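Trainee: Dropping the sequence and predicted coords here.
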Amino acid sequence: MSATPPRAALLLLAYLAFVSLGLPDGLIGVGWPSIRTDLGVPTEAVGLVLAAGTVGYLASSLLAGFTLARLGVGRLLAGSTALAGLALTGYASTPYLALMIGCALVLGVGSGAIDSGLNAYAAGAFGPRHMTWLHAFFGLGVAMGPLIMTAVLGAGLSWRWGYGLVAVAQVALAGAFALTVRAWRNRSAHAAVPVAVAAGPVPVRETLRLPAVWLGALAFGVYVAIEITAGLWAFLLLTEERGLAASAAGLCVAGYWGSLFVGRVVQGVVAERLGAGPILRASLLGMAAGALLIALPGPAWVTVAGLFLVGFAAAPVFPLLTHTTAERVGAAHADRAIGVQIAASAGLGGALIPGGLGVLFGHTSVAMLGPALTVLAVLLLFLYGLARRTPVAGTR
């Protein structure tokens with residue numbers, strides 16, 4: 001019997017890992033009112049927890065590509081998942097906010113390494129369809145988190161049980177990664193397409209000197225900013241500027257996130273047949289068209305249609321940009337570049353740009369959401385085109 005599990009087993013583990021990666025993100029929103037009361041802290045203290053998690057995630061993502069070269073993806077995934085399980089156990093048992101903040105930092109470190117490590121592996125080992133579906137399963141995990149915490153609280157249990165259940169799942173997954181460490185060593189053995197193999201390790205400074213690395217990082221940051229900004233501010237736009245009732249606007253925002261999930265499932269199949277390039281170009285143009293619809297001062301249904309179009313078009317962009325990283329920077333630099341891209345998506349796209357736009361809307365109006373998304377979508381098109389035209393490392 002072969003010591004290497006079949007490719008299907010690694011795919012299943014990767015899918016489960018992406019689900020588990022999204023679970024903690026969905027727990028805190030539902031659980032925080034109970035956490036706040038239990039720990040005796042103000043509502044705004046959640047910002048400290050989220051900030052600590054972001055710091056850990058950024059640091060881990062930036063270092064993941066370099067760590068991969070030393071530990072290998074199997075050990076990185078096993079260790080990082082165990083670290084995340086330990087942090088969630090800390091959440092479930094902490095009596096103090098300060099300890100929860102420390103656990104959030106540790107959880108961010110583990111999550112960032114899992115995200116970057118799996119993306120780096122999948123970019124080489126799996127085709128566009130599975131790459132896109134992996135990110136769909138992350139969204140599934142984010143959606144399951146609130147359901148778990150709601151069920152726990154609805155059963156009359158403490159919020160700590162919600163984190164405890166997810167911690168158990170993380171520890172079990174860490175065990176699975178540990179048992180399959182050898183199977184993750186050679187991604188080309190499981191690849192749907194041949195994987196380019198670098199001639200040897202290259203100095204870190206050579207990776208960081210490549211313009212395509214930083215263009216790709218900026219593109220990731222702008223993409224994530226569009227995805228998060230649209231979901232964050234659409235409710236306010238629909239209720240305050242387009243006249244929708246709160247219940248209807250809430251359903252529309254849920255539909256936006258649903259369109260991302262459906263889009264990744266559907267377009268993953270299409271990308272496998274047509275290739276990543278054509279799908280990426282069509283998706284980026286679709287995002288710009290949807291942003292223009294949101295910017296139009298028309299009836300609510302036009303805004304909602306634009307919102308759904310942005311979600312469906314945006315669906316494959318993150319996974320396919322990750323999948324094509326080696327085409328832009330070269331195989332020898334791909335793992336490190338992916339770590340930089342994931343970090344940029346969390347810092348620039350997840351915090352700086354959405355936060356800055358929030359300040360802009362506060363001083364003007366949330367009606368500026370559409371124009372802001374349009375500018376970002378056009379910028380994303382420009383960055384992607386520029387990155388594609390930049391010579392790949394090692395070529396003229």
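Mentor: Done, it's in. Numbers count the residues shown, from 1 in each chain.

Trainee: And the contacts of stretch 140-158?
Mentor: 18-27, 29-31, 34, 38, 159, 161-162, 165-166, 257, 261 (Cβ atoms under 8 Å, 6 or more residues apart in numbering). In this view, the C-beta of every residue, glycine as well, is placed from N, C-alpha and C.

Trainee: Quick one, which of the residues you listed are buried?
Mentor: 18-27, 30-31, 34, 159, 161-162, 165-166, 257, 261 (16 or more other Cβ atoms under 10 Å).

Trainee: which residues of the stretch 201-350 of the chain fall in helices?
Mentor: For the stretch 201-350 of the chain, helices defined by DSSP state H, counting those that start in this stretch occupy the ranges 204-208, 211-236, 246-274, 276-295, 300-314, 317-323, 325-329, 334-344.

Trainee: Packing partners of the first one?
Mentor: Under the contact criterion of 3 or more Cβ pairs under 8 Å, 6 or more residues apart in numbering; DSSP states H and E, the helices and strands touching helix 204-208 comprise helix 334-344.

Trainee: Between helix 211-236 and the helix it packs on, find me the angle.
Mentor: Angle, helix 334-344 to helix 211-236, by axes from the mean of the first three to the mean of the last three Cα atoms, to 10 degrees: 30 degrees.

Trainee: after helix 334-344 comes which helix or strand?
Mentor: Downstream of helix 334-344, the next assigned helix or strand under DSSP states H and E is helix 353-363.

Trainee: in the stretch 251-396 of the chain, which segments are predicted with low confidence?
Mentor: Per-residue confidence for the stretch 251-396 of the chain (pLDDT under 70) gives these ranges: 272, 390-396.

Trainee: Recalculate using a threshold of 90.
Mentor: 251-280, 297-299, 315-316, 318-366, 384-396 (pLDDT under 90).

Trainee: ok, back up a step: may I see the helices of the stretch 201-350 of the chain arranged in a markdown table, with distance to residue 96 as well?
Mentor: Putting the helices of the stretch 201-350 of the chain into a markdown table (distance: least, Cβ to Cβ, whole Å) gives the following:
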| stretch | distance to residue 96 |
| --- | --- |
| helix 204-208 | 38 |
| helix 211-236 | 30 |
| helix 246-274 | 33 |
| helix 276-295 | 43 |
| helix 300-314 | 39 |
| helix 317-323 | 36 |
| helix 325-329 | 41 |
| helix 334-344 | 29 |
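
Trainee: Tell me which of the ones you listed sits most buried.
Mentor: helix 334-344 (a mean of 28; mean count of other Cβ atoms under 10 Å).

Trainee: Could you list every helix and strand in contact with that helix?
Mentor: Applying 3+ Cβ pairs under 8 Å, 6+ apart, one finds that helix 334-344 contacts helix 46-71, helix 97-125, helix 204-208, helix 211-236, helix 317-323, helix 325-329.

Trainee: In terms of mean pLDDT, which of those ranks lowest?
Mentor: Mean pLDDT is lowest for helix 204-208 out of the helices and strands packed on helix 334-344, coming in at a mean of 72.

Trainee: Spit out the contact partners of the closest residue to residue 248 other than its chain neighbours.
Mentor: Spatial nearest neighbour of residue 248, excluding adjacent residues (Cβ to Cβ, 6 or more residues apart in numbering): residue 238 at 7.7 Å. Neighbour list for residue 238: 244, 248-249, 252-253, 300, 303-304 [criterion: Cβ under 8 Å, 6+ apart].

Trainee: ok, back up a step: among the buried ones among the contacts of stretch 140-158, which ones are in helices?
Mentor: Among these, the members found in helices (DSSP state H) are 18-27, 30-31, 34, 159, 161-162, 165-166, 257, 261.

Trainee: For the contacts of residue 238, give me TSV that also has distance to residue 285.
Mentor: Below are the contacts of residue 238 laid out as TSV (distance: Cβ to Cβ, whole Å):
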residue	distance to residue 285
244	27
248	29
249	27
252	23
253	24
300	24
303	19
304	20
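
Trainee: Nearest to residue 359 among those residues?
Mentor: Nearest to residue 359 among the contacts of residue 238: residue 253, at 21.3 Å, using Cβ to Cβ.

Trainee: still on that earlier bit, ok, the contacts of residue 238 vs residue 88, which is closest?
Mentor: Distances from residue 88 to the contacts of residue 238, taken by Cβ to Cβ, are shortest for residue 253, at 27.4 Å.

Trainee: Distance check, the closest one against residue 290.
Mentor: 14 Å (Cβ to Cβ, to the nearest Å).

Trainee: can you tell which of the helices of the stretch 201-350 of the chain is closest to residue 353?
Mentor: Closest among the helices of the stretch 201-350 of the chain, using Cβ to Cβ: helix 211-236, at 3.6 Å.

Trainee: who's in contact with residue 216?
Mentor: 321, 325, 328-329, 337, 340-341, 387.

Trainee: want to try JSON lines for those residues, with distance to residue 10 as columns?
Mentor: As requested, those are arranged in JSON lines below (distance: Cβ to Cβ, whole Å):
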{"residue": "321", "distance to residue 10": "22"}
{"residue": "325", "distance to residue 10": "20"}
{"residue": "328", "distance to residue 10": "25"}
{"residue": "329", "distance to residue 10": "24"}
{"residue": "337", "distance to residue 10": "22"}
{"residue": "340", "distance to residue 10": "25"}
{"residue": "341", "distance to residue 10": "22"}
{"residue": "387", "distance to residue 10": "29"}
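
Trainee: out of those residues, who's nearest residue 125?
Mentor: residue 325 (13.3 Å).

Trainee: mind listing what that closest one touches?
Mentor: Counted by Cβ under 8 Å, 6+ apart, residue 325 has contacts 123, 216, 334, 337-338, 341.
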